[in-house]
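Undergrad: What would the 3D arrangement of this be:
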Amino acid sequence: MFSNSKYIETLYSKNQNMQQILNDAIDITNTLFKHELKDLDINSYKYIPEIAVEELGIDLELVNQLVEDYINQILKSNAFFVEYIEKLQDDKENNKDLDYKDLRELAHKNLGVARNLRIEDAEKLLYKIMREDDLDYIFKCLEALVASAIILGPKCAYDALKLIK
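TA: You can find the predicted model right below:
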């Protein structure tokens, strides 16, 4: 449907091990960040939890726990993101007015968490999801967001995906 990638669809349907899921996530971010999402300038981004520790004044263990909560939230929110994007695409194809409200509210909710934890790649991706009108570009941002969450915590993401399946 969107882009030429079936990444999100296969992520939730395939029986893959943690290393395969991580490798797929790395591949998708490498591709998207070097090409379609190059404008975001996040190709070589690596999360540094110590920044959140210092700026928020909380310990590393709590930051790591909050990051795991964020990963779970992104993976669970993905189904809603896809649903909203598909509805917008359907409305567009049927020449209806496009109402981005639900999509943008969900992006805004997740953006707050990413900002609080200083997860800069997610901040940029969620901001674009909130502001863009190009549905294909939004979907690419969503693919990158999900892949970035997996890279952020592969074990946590793997466990969450197993539960979601």
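
Undergrad: sec struct for the most centrally placed residue in the chain, please.
TA: For the chain, the residue sitting closest to the mean C-alpha position, by C-alpha atoms, centre = their mean, is Leu145 at 2.0 Å. At Leu145 the chain is in helix, as set by DSSP: H, G, I helix; E, B strand; the rest coil.

Undergrad: Just list the residues touching it, thanks.
TA: 74, 122, 125-126, 129 (C-beta atoms under 8 Å, 6 or more residues apart in numbering). C-betas here are computed from N, CA, C, even on glycine.

Undergrad: got a list of contacts for whichever strand or helix holds Leu163?
TA: Here Leu163 sits within helix 154-164, counting by DSSP states H and E. By C-beta under 8 Å, 6+ apart, the residues outside helix 154-164 that reach it are 11-12, 17-18, 21-22, 25, 68, 71-72, 75-76, 149-150.

Undergrad: Can you get me a residue count around Asn43?
TA: Neighbours of Asn43 under the rule other C-beta atoms under 10 Å: 14.

Undergrad: ok, now how distant is it from Ala144?
TA: Look at Asn43 and Ala144: by C-beta to C-beta, to the nearest Å, they are 11 Å apart.

Undergrad: Surely Leu126 touches Ala107?
TA: Yes. Leu126 is in contact with Ala107 according to C-beta atoms under 8 Å; the separation is 4.9 Å.

Undergrad: Filter the contacts of helix 154-164 down to the buried ones.
TA: Buried by 16 or more other C-beta atoms under 10 Å: 11, 21-22, 25, 68, 71-72, 75, 149-150, out of the contacts of helix 154-164.

Undergrad: And the residues you listed, which is the shakiest by pLDDT?
TA: Ranked by pLDDT, the buried ones among the contacts of helix 154-164 bottom out at Leu11 (69).

Undergrad: Among the contacts of helix 154-164, which are located in helices?
TA: Mapping the contacts of helix 154-164 onto helices (DSSP state H) picks out 11, 18, 21-22, 25, 68, 71-72, 75-76, 149-150.

Undergrad: so who does Lys92 touch?
TA: With the criterion set at C-beta under 8 Å, 6+ apart, Lys92 makes contact with 98, 135.
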